[in-house]
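K.L.:
Predicted model follows, preceded by the sequence.
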Amino acid sequence: MKTYLKISILFLMLFSIKEISAQKDSTALQRKARSMVRQGNELYQNKQYTDASVAYKKALSNSSFYDKASYNLGNALYKNKNFKEALPQYELTAKTAEDKLTKAQAYHNIGNAHMETKNYQGAVDAYKNSLRNNPTDDETRYNLAVAQKLLDKENQQNKDDQNKDNKDKKDQKDQDKDNKDDQNKDQDKDKKEGDDKDKKDDKDGEGDKDKDKNQDPKKDDKKDQNKKPKPQQGKMSPQQIKQLLESLNNEEKKTQKKMNAKKAKGKKTKQEKDW
């Protein structure tokens, strides 16, 4: 029992010593952080905003939850036009600050940073939060009115752009439809012309068939029969040639005989004169 008690007492003593040492270290770090903040403030007053930012960051490295260091760092970044980097510092202050005036100032600066980046919706929300914590701040109220006006103008512009885009898409869709209709009409016209040509060709073919069909085959045969065949040279046999020659001689004899008889019949008889 005595041994357990001694161990407990020893443990408490060690813990107390460690806690006291930690408190001493924490106090030293806080003093160092405050010193860096004062240094940063002097640089800030001299408009050395980059060096002031370095001093405030060193202060925060020694004391992470040092609200003044965060808020002042945000101001230094804002002065250097690093608006997006300043926002987290103001937001941290707005979240951790215990008094409403400090919160109102942090939200006011958040609104200013959003205005610089043309985030008008963010600015309107921030200014409203600032007025919730300090309703009597006329500067914040004025900034809110300006931000709201710019936001309305932006929304109207976006609406007009959207309507224009929709109109352009509709016009393009209508144009595509008209082009497609024209293309279909051309295709239908070509197809109709092709069909009409095919029908005409078929009709012409049937007319030729009907013409051939209406022709009298007997008439053609009779015509062919009446047509006398022409003699073909070099196709007569020697016997046929002999018979032809004899026939020609006989005809010639008959012709000569007729001529002689006609000549004799027509001869005048000499008359004796009676005197």
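P.N.:
That came through fine. Numbers count the residues shown, from 1 in each chain.
K.L.:
quick one: low-confidence parts of the stretch 1-150 of the chain?
P.N.:
Judged by pLDDT under 70, the stretch 1-150 of the chain has its weakly predicted residues at 1-25.
K.L.:
per-domain residue ranges of the chain.
P.N.:
7-81, 97-195 (automatic domain parsing).
K.L.:
can you list contacts of stretch 141-156?
P.N.:
With Cβ atoms under 8 Å, 6 or more residues apart in numbering as the contact definition, stretch 141-156 has outside contacts at 108, 111-112, 114-115, 120-121, 123-124, 127-128, 131. Quick note: C-beta positions are derived from backbone N, CA and C, even for glycine.
K.L.:
Can you show me the helices along the stretch 51-200 of the chain?
P.N.:
Counting by DSSP state H, counting those that start in this stretch, residue ranges of the helices within the stretch 51-200 of the chain are 67-79, 83-96, 100-116, 120-133, 138-214.
K.L.:
List the buried residues of the third one.
P.N.:
Going back to what we said before, that points to helix 100-116. By neighbour count on 16 or more other Cβ atoms under 10 Å, the buried set for helix 100-116 is 102-115.
K.L.:
so how far is residue 117 from the nearest residue to residue 110 once chain neighbours are set aside?
P.N.:
Counting by Cβ to Cβ, 6 or more residues apart in numbering, the nearest residue to residue 110 once its immediate chain neighbours are dropped is residue 126, at 4.1 Å. Here the distance between residue 126 and residue 117 works out to 12 Å (Cβ to Cβ, to the nearest Å).
K.L.:
same question, residue 104
P.N.:
Taken as Cβ to Cβ, the span from residue 104 to residue 117 is 21 Å.
K.L.:
do the same with residue 174
P.N.:
According to Cβ to Cβ, residue 174 and residue 117 sit 40 Å apart.
K.L.:
Could you do residue 40 as well?
P.N.:
24 Å.
K.L.:
Mind checking which of those two has more residues around it?
P.N.:
A count of neighbours by other Cβ atoms under 10 Å puts residue 40 above the other of residue 40 and residue 117, at 27 against 12.
K.L.:
unless I'm mixing things up, that one is touching residue 76, no?
P.N.:
Yes - with contacts counted by Cβ atoms under 8 Å, residue 40 reaches residue 76, the gap being 7.1 Å.
K.L.:
who touches both of those two?
P.N.:
Once Cβ under 8 Å, 6+ apart is applied, the residues that residue 40 and residue 76 both contact turn out to be 52-53, 56.
K.L.:
In TSV, list those along with neighbour count.
P.N.:
Formatted as TSV, the shared contacts of residue 40 and residue 76 follow (neighbours: other Cβ atoms under 10 Å):
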residue	neighbour count
52	26
53	25
56	30
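K.L.:
Closest to residue 252 out of the residues you listed?
P.N.:
Residue 252 has its nearest neighbour among these in residue 53, at 151.6 Å by Cβ to Cβ.
K.L.:
Excluding chain neighbours, what is closest to the closest one?
P.N.:
With Cβ to Cβ, 6+ apart as the criterion, residue 53 has its nearest non-adjacent residue at 4.4 Å, and that residue is residue 76.
K.L.:
list the contacts for the one you found?
P.N.:
Contact analysis of residue 76 by Cβ under 8 Å, 6+ apart lists 40, 44, 49-50, 52-53, 56.
K.L.:
what's the answer for residue 70, then?
P.N.:
Under the criterion of Cβ under 8 Å, 6+ apart, the contact partners of residue 70 comprise 56, 60, 89, 92-93, 96.
K.L.:
Please list only the buried members of those.
P.N.:
Buried members of those, scored by 16+ other Cβ under 10 Å, are 56, 60, 89, 92-93.
K.L.:
Make CSV from those residues and add distance to residue 139 to it.
P.N.:
Putting the buried ones among the contacts of residue 70 into CSV (distance: Cβ to Cβ, whole Å) gives the following:
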residue, distance to residue 139
56, 25
60, 28
89, 21
92, 23
93, 18
